[in-house]
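A.B. asks: can't give you the sequence, but here's the structure:
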């Protein structure tokens, strides 16, 4: 039992040593590198899937090592927890030691002050009590202790003073703030949530089609988001209710196509005001890095893209129109890819099986400003990110598009198994500009109506964000204090002279870097003896030793 307890104490002492804390801090930084270099599932799962498909065995090994979930991995959490325990184990004993040191009077002056790094000796005609009062006044703000001749090592009245306790205090505050920052970040990760909502909105482009679908988003249910992720203890019931309506989206571009600014005008309401007339809602202009802060949440304008619109007209005259956002594959000129699926009207194919075999699917590319390349000028690319001449290059499929299987499908691409199995067969490949149509073999007409722009809004909630900021600022301020404050000691020994004067002997000792301490020590000595400053001595052409005996070592 004693052996086990001995090993436990050794392990605790090892864990709570500053050397171990520094090693764990370095290890935590090292463990974060894969999270910065590799895609993370918590941020973009599709990028992780693409990486797995492209890198084979290496990607599988990375996945087993949790390199795609670094900050949720067991080994990262273990390092994080051990670092916090180590820091707390270091800080608590140091805090107690610092408190005891502050409460303890400064130690008595050594017998031989001349052996200290800084040493002054001087005499004055002023009496003992006057010099004593002057010395105590000059040392105001210092931690001072007086010793009688019986207590002094050299048998004379002495004063011991120490300053710079704030250095160790700042160092402790720095480490406490570091722990607070890590704890608040961890707490925020437990209860935070973040969701993405895509809203097709009006555009200022003359080529944009009118948007008939709702442009309103409400933070009342997680089901309203296109994607949503939250901390492990957030159950989805603590959303702050608010709604906003996106009135428009506008992007400013430089001549080379580089985006300069994204802007979206919205109206919003919070709580019970949601039920009021939207005309009375408050207006706000969302821009990049200018989020809307409402109900404890932040609404960011994160990105944008285009939503093409197609109209399918069946031979009996019935029509179906869809507008769906497509994914930008080119982030510069916004060449986008996507899919649309159409279920025939019930009257065209009364039999359910036959109707399922005649579903239509459109898959292809959209260019906001069409640019045709290739040998025959039929390869579609985009020449500018703004909608100036929209066009599409599409493949039209007929067959079972999987609309009624109950399985989730990507809105950006068709299920390749449906194509490989023959359930979907391509019946047309065509390029269409706005308002152009293609007629299928059965007389069905597909028309490309144009496109509208969509805006991607991100709603973020982290109740500990302010505390992370406070602890971070406190940590930086404390770090500056621990680097600039200097711990130093000064000793004065006053000996009354036979003729009524007083001999003053001073010694100085720096507990840390002595830079800047020598001039301060010299200034205190000259002030006590009421001697001129060193600059005045040089101007009068005197030798410093004529004024005060200075013996730095």
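C.D. replies: Everything's here; your move. Just so it is clear, the model here is predicted, and its values are computed rather than measured. Numbers count the residues shown, from 1 in each chain.
A.B. asks: C-alpha only now, for contacts and for neighbours.
C.D. replies: OK.
A.B. asks: helices along the stretch 301-450 of the chain, start to end?
C.D. replies: Assigned helices in the stretch 301-450 of the chain, in chain order: 352-356, 416-420 (criterion: DSSP state H, counting those that start in this stretch).
A.B. asks: so which of the ones you listed is nearest residue 265?
C.D. replies: With CA to CA as the measure, helix 416-420 is the member of the helices of the stretch 301-450 of the chain nearest residue 265 (39.4 Å).
A.B. asks: got the contact list for that closest one?
C.D. replies: Residues outside helix 416-420 that contact it (CA atoms under 8 Å, 6 or more residues apart in numbering): 400, 401, 424, 425.
A.B. asks: for the helix or strand harbouring residue 177, name the packing helices and strands.
C.D. replies: Assigned by DSSP states H and E, residue 177 belongs to helix 165-191. If you count contacts as 3 or more CA pairs under 8 Å, 6 or more residues apart in numbering; DSSP states H and E, helix 165-191 packs onto helix 74-103, helix 465-484.
A.B. asks: before we move on, back to that, farthest-apart pair in the contacts of helix 416-420, please.
C.D. replies: Spatial extent of these (CA to CA) is set by the pair 401 and 425 at 9.9 Å.
A.B. asks: more neighbours, those two?
C.D. replies: residue 401 (26 against 19; other CA atoms under 10 Å).
A.B. asks: OK, contacts around the more buried one?
C.D. replies: So residue 401 contacts 341, 356, 359, 360, 361, 418, 423, 424 (CA under 8 Å, 6+ apart).
A.B. asks: and these, which of them are buried?
C.D. replies: Listed as buried from the contacts of residue 401 are 341, 356, 359, 360, 361, 424; burial here means 16 or more other CA atoms under 10 Å.
A.B. asks: any chance of these in TSV, with pLDDT and distance to residue 67 too?
C.D. replies: Below are the buried ones among the contacts of residue 401 laid out as TSV (pLDDT from 0 to 100; distance: CA to CA, whole Å):
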residue	pLDDT	distance to residue 67
341	92	36
356	82	42
359	88	41
360	91	40
361	92	37
424	89	37
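A.B. asks: can you give the contact residues for stretch 231-245?
C.D. replies: Contact with stretch 231-245 is made by 188-193, 215-222, 266-271, 274, 294-297, as judged by CA under 8 Å, 6+ apart.
A.B. asks: let's see which of those residues end up in strands.
C.D. replies: 193, 216, 217, 218, 266, 267, 268, 269, 270, 294, 297 (DSSP state E).
A.B. asks: those residues, buried ones only, as a PyMOL selection?
C.D. replies: The command below creates a PyMOL selection of those among these that count as buried (16+ other CA under 10 Å):
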select buried, resi 193+216+217+218+266+267+268+269+270+297
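A.B. asks: looking at the ones in strands among the contacts of stretch 231-245, which is nearest residue 65?
C.D. replies: residue 193 (25.7 Å).
A.B. asks: and the closest one, how close does it get to residue 42?
C.D. replies: 11 Å (CA to CA, to the nearest Å).
A.B. asks: so what's residue 504 up against?
C.D. replies: Applying CA under 8 Å, 6+ apart, we find residue 504 in contact with 121, 122, 123, 124, 492, 493, 494, 495.
A.B. asks: contacting residues around the closest residue to residue 94 other than its chain neighbours?
C.D. replies: Leaving aside its chain neighbours, residue 94 sits nearest to residue 172 (7.7 Å; criterion: CA to CA, 6 or more residues apart in numbering). Contact analysis of residue 172 by CA under 8 Å, 6+ apart lists 91, 94, 95.
A.B. asks: now the last one. Nearest residue, chain neighbours left out?
C.D. replies: Closest residue in space to residue 95, ignoring its immediate chain neighbours: residue 172 at 6.9 Å, by CA to CA, 6+ apart.
A.B. asks: which stretches of this structure have low pLDDT?
C.D. replies: Residue ranges of the chain with pLDDT under 70: 1, 204-205, 405-406, 408, 512-516, 533-553.
A.B. asks: for the contacts of residue 172, pick the one with the most neighbours.
C.D. replies: Ranked by neighbour count (other CA under 10 Å), the contacts of residue 172 have residue 91 at the top, with 21 neighbours.
A.B. asks: so that residue touches residue 174, yeah?
C.D. replies: No. Checked against CA atoms under 8 Å, the pair residue 91 and residue 174 is beyond contact range at 10.0 Å.
A.B. asks: need the buried ones among the contacts of residue 401 in CSV (columns: distance to residue 385).
C.D. replies: As requested, the buried ones among the contacts of residue 401 are exported to CSV (distance: CA to CA, whole Å):
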residue, distance to residue 385
341, 26
356, 38
359, 32
360, 29
361, 26
424, 32
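A.B. asks: restricted to strands, list those.
C.D. replies: Of the buried ones among the contacts of residue 401, the ones assigned to strands by DSSP E are 341, 359, 360, 361, 424.
A.B. asks: reformat those residues into TSV and put distance to residue 200 next to each item.
C.D. replies: As requested, these are exported to TSV (distance: CA to CA, whole Å):
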residue	distance to residue 200
341	18
359	25
360	23
361	21
424	29
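A.B. asks: now flag whichever of those residues is closest to residue 394.
C.D. replies: Nearest to residue 394, judged by CA to CA, of these is residue 361 at 9.9 Å.
A.B. asks: which residues touch the nearest residue to that closest one once chain neighbours are set aside?
C.D. replies: Using CA to CA, 6+ apart and skipping residues adjacent in sequence, the residue nearest residue 361 is residue 341, 4.4 Å away. Counting by CA under 8 Å, 6+ apart, residue 341 makes contact with 359, 360, 361, 362, 401, 403.
A.B. asks: just flag the most distant two among the residues you listed.
C.D. replies: Using CA to CA, the two most remote members of the contacts of residue 341 are 362 and 403, lying 13.2 Å apart.
A.B. asks: and residue 120, its phi and psi?
C.D. replies: Note on residue 120: its backbone torsions stand at phi -130, psi 140 [degrees, to the nearest 10].
A.B. asks: in the sheet, who's paired with it?
C.D. replies: Beta-bridge partners recorded for residue 120 (DSSP bridges): residue 506, residue 550.
A.B. asks: residues near it, how many?
C.D. replies: Around residue 120 there are 21 residues (other CA under 10 Å).
A.B. asks: check residue 104 too.
C.D. replies: By other CA under 10 Å, the residues close to residue 104 number 11.
A.B. asks: how far away is it from residue 166?
C.D. replies: Distance check for residue 104 against residue 166: by CA to CA, it reads 15 Å.
A.B. asks: report the buried residues of stretch 187-204.
C.D. replies: Within stretch 187-204, the residues scored as buried using 16+ other CA under 10 Å are 187-189, 191-203.
A.B. asks: how about stretch 288-304?
C.D. replies: Under 16+ other CA under 10 Å, the buried positions of stretch 288-304 are 291, 292, 297, 298, 299, 300, 301, 302, 304.
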